[in-house]
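**Student:** quick one, structure for this:
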Amino acid sequence: MRRLLLILWRIWFYTLAAIPVLVLFPILAFFVFLPNGYPYLFWIARNIWSPWILLGMGFWPYIKNQSGANPNQSYLLIANHASYIDPFLMLRAWKTPFVFVGKKELVNIPVFGFIYKRAAIMVDRSDKKSRFAVYGLADKVIHGGYSVCIFPEKDYLDESILLNEFKRGAFKLAIAHQLPVLPMIFYDPKRMFPWYTTYGFPGAMRIEIHPPFDTQGMTEADIPKLQQKAFDFIEAKLLADPKQRAVEAQAKWAAFQASGR
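**Tutor:** So this is what the prediction gives:
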């Protein structure tokens, strides 16, 4: 019965995600084609779509911002990525408009893909030209005064790993544009709403926003150092979590695999 309820809960997530997109599609499409329409799209995503999904799923974000960051400056926003709920937490965590760098495959989602293709920086990770094109697209976004958000983990779907290795590209972009890297910690999604429907529960989702890592004066030779610094910082925070939510999620996944179910 519990397994069935978890599956129904996931179906409810997709239903919640679809309703605002379908209902608001004419308005969203209008803003997509408006020359300066992105801030309005972002406002809808942050203040309508995201809280609708989070509260509808029984989640409420608890945000602790100790970054001291300037809301009028552009940043590279990064966080650990362990759940479909992460983009909606990011939308609630950071108030000023930013643009996601995301998978090109999401374009194939009916209706949503139409908006996504025009509102996000898409990347086909298997295509070197697509990965390179991100830098040019990001340049336009940054010059428009927006931040860029990237979840930098490589194989983030692997539930058995606390924090997967980071991709180089996110930090190459930060250094190329001299963007400060603003790290966030999402403590709870890996345990409360993981990729697979084997466990999970509603409740408060804790987010911490930490002071940015400066990239001024860094060159391409500094990419590995910055990449490792960001990884070590987020991993240490997850390991030091008093509730041990991400660590507990690893144990739950290991137990599920061992059971052979």
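**Student:** which regions of the protein lie under the pLDDT threshold?
**Tutor:** Within the chain, the segments meeting pLDDT under 70 span 124-133, 135, 260-261.
**Student:** so where do the strands sit in it?
**Tutor:** 59-65, 76-79, 98-103, 121-123, 147-149, 181-186, 203-209 (DSSP state E).
**Student:** what's the most buried one of those strands?
**Tutor:** For the strands of the chain, the stretch with the most neighbours on average is strand 76-79, a mean of 26; neighbours defined as mean count of other CB atoms under 10 Å. Glycine gets a C-beta too; all of them are placed from N, C-alpha and C.
**Student:** which residues does that strand contact?
**Tutor:** Around strand 76-79, the neighbours that count as contacts under CB atoms under 8 Å, 6 or more residues apart in numbering are 86, 89-90, 94, 98, 147-152, 170-171, 173-174, 179-186, 230, 234.
**Student:** reformat the strands of the chain as a markdown table; add distance to Val247.
**Tutor:** Formatted as a markdown table, the entries for those read as follows, by distance: least, CB to CB, whole Å:
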| stretch | distance to Val247 |
| --- | --- |
| strand 59-65 | 19 |
| strand 76-79 | 17 |
| strand 98-103 | 27 |
| strand 121-123 | 31 |
| strand 147-149 | 25 |
| strand 181-186 | 13 |
| strand 203-209 | 14 |
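**Student:** ok, which of these comes nearest Phe31?
**Tutor:** With CB to CB as the criterion, Phe31 lies closest to strand 98-103 of those, at 14.1 Å.
**Student:** ok, that closest one: who's next to it in the sheet?
**Tutor:** For strand 98-103, sheet partners with direction are given as strand 121-123 (parallel), strand 147-149 (parallel), following DSSP bridges.
**Student:** got JSON lines for those, with distance to Leu55 too?
**Tutor:** Listed next are the strands paired with strand 98-103 as JSON lines, based on distance: least, CB to CB, whole Å:
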{"stretch": "strand 121-123", "distance to Leu55": "28"}
{"stretch": "strand 147-149", "distance to Leu55": "22"}
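**Student:** among these, which is nearest Val134?
**Tutor:** strand 121-123 (5.2 Å).
**Student:** quick one, what contacts Pro189?
**Tutor:** With the criterion set at CB under 8 Å, 6+ apart, Pro189 makes contact with 82-83, 85-86, 89, 205.
**Student:** ok, now how distant is it from Asn108?
**Tutor:** Here the criterion is CB to CB, to the nearest Å. By it, Pro189 lies 24 Å from Asn108.
**Student:** wait, Ala254 sits on Asp158?
**Tutor:** No - at 12.0 Å, Ala254 and Asp158 do not qualify as touching, with contact defined as CB atoms under 8 Å.
**Student:** ok, now which ones touch the residue most central in space within the chain?
**Tutor:** When CA atoms, centre = their mean is applied to the chain, the residue found nearest the centroid is Pro87 (4.0 Å). Going by CB under 8 Å, 6+ apart, Pro87 touches Phe100.
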